[in-house]
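Visitor: next comes the sequence, and after it the predicted model I'd like to discuss.
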Amino acid sequence: MDAVKENLAIEVRGLRKAYGSTVAVDGLDLAVPRGEVFALLGPNGAGKTTTVEILEGFRRADAGEIRVLGTDPRAATAEWRSRVGIVLQSTGEFEELTVAEVVHHFARYYGGADDPDKVIDRVGLTGKRDARAEKLSGGQKRRLDVALGIIGRPELLFLDEPTTGFDPEARREFWELIRGLAAAGTTILLTTHYLDEAEALADRVGVIAKGRMVALAAPADLGDRRTATATVSWQGPNGTESERTHTPTAVVNALAERFGGEVPGLTVSRPTLEDVYLAMIGKEEAA
Amino acid sequence: MTTVADQSVTRAANRRPGALALGLSRGVLELKQFARTRAYLVFTLLFPVVIVLIFGAAFHGSAGGGVSLSQYFVTGMIASGFLATGFQNLAIQIPIERSRGVLKRLVGTPMPRSAYFIGKIVMVLVISAISTAVLLAMAVAFYDLPLPSSPTKWLTFGWVSLLGVTACTLLGIAYSSLARSGRAAPSMTTPVALVLQIISGVFIVFTALPGWMQQVAALFPLKWMTQGLRSVFLPDSFAQREVAHSWELGRVALVLGVWCVAGLILCLLTFRWTDED
């Protein structure tokens, strides 16, 4: 057996999927090693959800070689399903059932399920244990989704836009939960619209546009952010002044000399992940 | 790699319950959900009671042969109850669950797919039994409907009910694939059920209907369910007043059996777990 392949949780080559004449995914390649947190970014309609749903075994690809935990997802067995956790985009379908009822019930589907009460605690719903699902807030419903996604102690977890509609505090708490899972060795494939989320959680991000992977890197390296033109700005006598430069250190040194010490209002910034991402998407859309 | 191998061993060692056990616990969950949803409770259990009360109060005539219209009508309503819980309930509920992603979430787990259907069957059987008991109690108390007088009639009551509920359940599941979305389901299902009730001897004495309407009704299960139940609750002499001057129990069994098989085949061929693809 190939040791490198054994270490890949997800391996996709030449993935293609069209709906009628609309090509949703157009020759996508992807390799996610075990234990990695991988974020898939891209505008609506770029092919993110189609890709993820093919990997989850919900949709059939038109072409391409797909291996998820060593198996073609279309040939998914119960054993394979028990190793994969899925948090879909949709939510809130349990209405009249309580959190505890739902989580305890789903635990029965898995041979090696986690303790339902511990999982409820981990997603922060212990206080809502006996609340009906319809009474939960959007964020709480999402945490219930995550509880059901991780109840089977999955090796691989899919999270499709997990924090849409969260308030900032709920998102931070959610990130802690995901970091905990990643630290325990769970491979995670995440799609998101929030670039700060990708930056906070992901080891690597892939940007999809028009069904193709247009960039693939660690969040800090995406679009050569590390070496991109920096902007140095400060408070001059006539208000805010700034200079775009490839050598920000030299500029700051010169400024320090000019001001004789502290430079008022000094900031040095490189393009944010968002800037890089928007530039990338813009280029693709124009192409 | 050793950790992965270890995990597989652990998973194999902690075998999950089988499809039947999971189906039963799904049934319990379905019943909890049902009992907590007022709309379902009202529609499935209270609605037939109200209809029986209204008809019982409005029509005081005779169906002939010493049988009152109310007695004739209430046996038809018991059969309609099977149609409501089996066919209407599932044909409406399943598309809603499909649209809301309930089914997608379930197929994303290792749950055996048959457990979902077993759960639905458990739910339908329990609710049918309750609605039948309620209607029977009313009929005995208010309309002098005699309970089955012999073990043979109880047996007939049993198999007609079971075949009828089974056919309705399977057809409800099969029909659920026709609705493109949960929102479309009620308007696609309710008229079908209403028309069947009108032409199958529920609201109107069957022999009073025009011949062509009787022939259309004879293609569908409800007519045979009402006829089978009349054989249980109405006096034997009433058989003379049926279309064939007999209860035709053999044909009741045959038609319902054929619909069960057809329903099962349709379910297996057409069932969809998601709206798209």
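Guide: All right, it came through fine.

Visitor: between the two ends of stretch A:228-243, how far is it?
Guide: One end of stretch A:228-243 sits 14 Å from the other (Cα to Cα, to the nearest Å).

Visitor: what average pLDDT does it get?
Guide: Stretch A:228-243 carries an average pLDDT of 88.

Visitor: so which bits of that stretch are buried?
Guide: A:230-234 (16 or more other Cβ atoms under 10 Å in any protein chain shown). Backbone N, C-alpha and C define where each C-beta goes, glycine included.

Visitor: kindly report the same for stretch A:272-280.
Guide: Residues of stretch A:272-280 classed as buried: A:273, A:276-277, A:280 (neighbour count, 16+ other Cβ under 10 Å).

Visitor: now do the same for the residue nearest to residue B:154 when sequence neighbours are not counted: helix, strand or coil?
Guide: Setting aside the residues directly before and after it, residue B:154 is nearest to residue B:148 in space (Cβ to Cβ, 6 or more residues apart in numbering or on different chains), at 4.8 Å. Secondary structure, DSSP: H, G, I helix; E, B strand; the rest coil: residue B:148 is coil.

Visitor: and residue B:255, how many residues sit next to it?
Guide: For residue B:255, the count of nearby residues is 22 (other Cβ atoms under 10 Å in any protein chain shown).

Visitor: now residue B:185: how far from residue B:92?
Guide: As defined by Cβ to Cβ, to the nearest Å, residue B:185 lies at a distance of 5 Å from residue B:92.

Visitor: I meant residue B:263, not that one.
Guide: 17 Å.

Visitor: please apply the same query to residue A:7.
Guide: Here residue A:7 is placed at a distance of 48 Å from residue B:92 (Cβ to Cβ).

Visitor: where do the strands sit along the chain?
Guide: Let's take chain A. Secondary structure of chain A (DSSP state E): strands at A:8-19, A:22-33, A:37-41, A:63-68, A:84-87, A:156-160, A:187-191, A:204-209, A:212-217, A:230-236, A:239-245, A:267-269.

Visitor: think we crossed wires, I meant chain B
Guide: For chain B, applying DSSP E gives strands covering B:62-64, B:67-68.

Visitor: is it possible to export those to TSV including distance to chain A and mean neighbour count?
Guide: Shown next, in TSV, are those (distance: least, Cβ to the nearest Cβ, whole Å; neighbours: other Cβ atoms under 10 Å in any protein chain shown):
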stretch	distance to chain A	mean neighbour count
strand B:62-64	41	17
strand B:67-68	40	19
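
Visitor: where is the longest helix in chain A?
Guide: Assignment by DSSP state H gives helix A:168-183 as the longest helix of chain A.

Visitor: how far off strand A:37-41 does that helix point, in degrees?
Guide: Helix A:168-183 and strand A:37-41 are oriented at 130 degrees to each other (axes from the mean of the first three to the mean of the last three Cα atoms, to 10 degrees).

Visitor: quick check: chain neighbours aside, which residue is closest to the most centrally placed residue in chain B?
Guide: Computing the C-alpha centroid of chain B and ranking residues by Cα atoms, centre = their mean puts residue B:86 first, at 2.7 Å. Using Cβ to Cβ, 6+ apart and skipping the chain neighbours, the partner closest in space to residue B:86 is residue B:168 (2.9 Å).

Visitor: and the strands of chain B, which one's lowest on average pLDDT?
Guide: Per-stretch averages of pLDDT across these put strand B:62-64 at the bottom, with a mean of 86.

Visitor: contacts for it?
Guide: B:68-69, B:71-72, B:205, B:238, B:241 (Cβ atoms under 8 Å, 6 or more residues apart in numbering or on different chains).

Visitor: one more pass at 10 Å, please.
Guide: With contacts defined as Cβ atoms under 10 Å, 6 or more residues apart in numbering or on different chains, strand B:62-64 is touched by B:68-73, B:201, B:205-208, B:230, B:234, B:237-238, B:240-241.

Visitor: buried subset of those residues?
Guide: Among the contacts of strand B:62-64, those buried by neighbour count (16+ other Cβ under 10 Å) are B:68-73, B:201, B:205-206, B:230, B:234, B:238, B:241.

Visitor: of those, closest to chain A?
Guide: For those, the minimum distance to chain A (Cβ to the nearest Cβ) is 33.3 Å, reached by residue B:73.

Visitor: wait, that closest one sits on residue B:205?
Guide: Yes. Using Cβ atoms under 10 Å, residue B:73 and residue B:205 qualify as a contacting pair, with a distance of 8.7 Å.

Visitor: in contact with the closest residue to residue B:28 other than its chain neighbours, which residues?
Guide: When the adjacent residues along the chain are set aside, residue B:28 lies closest to residue B:122, with 7.7 Å between them (Cβ to Cβ, 6+ apart). The neighbourhood of residue B:122, defined by Cβ under 10 Å, 6+ apart, consists of B:23-31.

Visitor: with residue B:33 instead?
Guide: Residues near residue B:33 by Cβ under 10 Å, 6+ apart: A:94-97, A:101, B:40, B:93, B:123.

Visitor: filter those residues down to the ones in helices?
Guide: A:101, B:40, B:93, B:123.

Visitor: would TSV of those residues with pLDDT, neighbour count and distance to residue A:56 be doable?
Guide: Listed next are the ones in helices among the contacts of residue B:33 as TSV, based on pLDDT from 0 to 100; neighbours: other Cβ atoms under 10 Å in any protein chain shown; distance: Cβ to Cβ, whole Å:
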residue	pLDDT	neighbour count	distance to residue A:56
A:101	96	20	25
B:40	79	18	31
B:93	91	23	25
B:123	95	24	28
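
Visitor: residues near residue B:236, how many?
Guide: Around residue B:236 there are 11 residues (other Cβ under 10 Å).

Visitor: scratch that, residue A:190 is what I was asking about
Guide: Residue A:190: 24 surrounding residues under other Cβ under 10 Å.

Visitor: dig out what it forms beta bridges with.
Guide: Using DSSP bridges, the bridge partners assigned to residue A:190 are residue A:39, residue A:159.

Visitor: just checking, it touches residue A:39?
Guide: Yes. The pair residue A:190 and residue A:39 qualifies as a contact (Cβ under 10 Å) at a distance of 4.8 Å.

Visitor: so what's the closest residue to residue B:66 other than its chain neighbours up against?
Guide: Counting by Cβ to Cβ, 6+ apart, residue B:235 is the residue found nearest to residue B:66 once chain neighbours are left out, at 6.6 Å. By Cβ under 10 Å, 6+ apart, the residues touching residue B:235 are B:65-67, B:71, B:146, B:149.

Visitor: who touches the nearest residue to residue A:241 once chain neighbours are set aside in this structure?
Guide: Spatially, and ignoring its direct neighbours in sequence, residue A:241 is nearest to residue A:234 (6.1 Å; Cβ to Cβ, 6+ apart). Residue A:234 makes contacts with A:240-243, A:251-252, A:255, A:258-259, A:263-268, as judged by Cβ under 10 Å, 6+ apart.
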